[in-house]
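**Student:** Below: sequence and its predicted model.
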Amino acid sequence: MTNHVTLSRGERLLWAGRPHAVWRHTADRRLVLLGLFLVGWAAVAILISTAPNIVEDPPGAKPIMLFAAIVTASIGLFLGMIGLLSGHRRLRRTEYVLTDRRLIVTTTHAHSVDTTTELLRGLPAPVTSMSLRRGWGTVQFGEGGDREHPVLYAIDGARRVQDLIVAAQAVLARSNATERGTASNN
């Protein structure tokens, strides 16, 4: 499972997993909203072009407006679907690796691999939100999950992963305090 991750000397693998591909977490909201806006505009344009004339239209205006509305609606639907599918596809190609020192998030693309590595020592305390119905959860770092740190979306055993992170952070903090104490005694 950890195809793209090489552990450092002495580093231990604590957990590795993949997220469930969940629509709610993955949609590119900007594309979906733009798509909805375009479809809404097209619906209004179609209603206007098919309504009885209040004012005389120039000859040929209704078919042109109707054609433009259909094209706009098609583009809106296309953008909305791309917004929904792109994030879903990206999440399906994501892998999480937790070691006793690092959190590594790897996403595989067609021709490349994106890897984000965070030292556990530098991460805020993890916070877990659970989906009781589905039995999996999401682990984020800091209250409310800031955008600076990775988020482990829709993983099985989220509370266990949170506990592993907290325990590893505590061990790192103790070893760091011991190193500082040893350095100050010298």
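**Tutor:** The structure has been received and is ready for your questions.
**Student:** Next, work out how far apart residue 100 and residue 139 are.
**Tutor:** Going from residue 100 to residue 139 by C-beta to C-beta, to the nearest Å gives 17 Å. (C-beta placed from N, C-alpha, C; glycine too.)
**Student:** of the two, who's got more company?
**Tutor:** residue 139 (24 against 17; other C-beta atoms under 10 Å).
**Student:** Ramachandran angles for the more buried one?
**Tutor:** Torsion angles at residue 139 (phi, psi; degrees, to the nearest 10) stand at phi -110, psi 120.
**Student:** Surely it and residue 123 touch.
**Tutor:** No. Using C-beta atoms under 8 Å, residue 139 is not in contact with residue 123; the gap is 10.5 Å.
**Student:** Overlap of the contact sets of these two?
**Tutor:** Residues touching both residue 139 and residue 123 (C-beta atoms under 8 Å, 6 or more residues apart in numbering): residue 165.
**Student:** Could you list every helix and strand that the longest helix anywhere in the chain packs against?
**Tutor:** In the chain, assigned by DSSP state H, the helix with the most residues is helix 61-92. The contact analysis (3 or more C-beta pairs under 8 Å, 6 or more residues apart in numbering; DSSP states H and E) places helix 61-92 against helix 23-26, helix 29-50.
**Student:** quick one: strands adjacent to the helix or strand following that helix?
**Tutor:** Using DSSP states H and E, the helix or strand that follows helix 61-92 in sequence is strand 94-99. Using DSSP bridges, strand 94-99 pairs in its sheet with strand 13-17 (antiparallel), strand 102-108 (antiparallel).
**Student:** Serialize these to TSV and add fields for mean pLDDT, distance to residue 128 and mean neighbour count.
**Tutor:** Below are the strands paired with strand 94-99 laid out as TSV (pLDDT from 0 to 100; distance: least, C-beta to C-beta, whole Å; neighbours: other C-beta atoms under 10 Å):
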stretch	mean pLDDT	distance to residue 128	mean neighbour count
strand 13-17	94	14	16
strand 102-108	89	14	19
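**Student:** mind putting the ones you listed in CSV, distance to residue 160 included?
**Tutor:** Putting the strands paired with strand 94-99 into CSV (distance: least, C-beta to C-beta, whole Å) gives the following:
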stretch, distance to residue 160
strand 13-17, 8
strand 102-108, 15
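**Student:** for the ones you listed, which one sits closest to residue 81?
**Tutor:** strand 102-108 (20.9 Å; C-beta to C-beta).
**Student:** Just the CA trace of that closest one, in CSV.
**Tutor:** C-alpha atoms of strand 102-108 as CSV (Å, rounded to 0.1, in the frame of the first residue of the first chain):
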residue,chain,number,x,y,z
ARG,A,102,5.6,11.9,10.1
LEU,A,103,2.2,12.0,8.4
ILE,A,104,2.5,11.5,4.7
VAL,A,105,-0.3,12.1,2.2
THR,A,106,0.3,10.8,-1.3
THR,A,107,-2.0,11.5,-4.3
THR,A,108,-1.3,9.8,-7.6
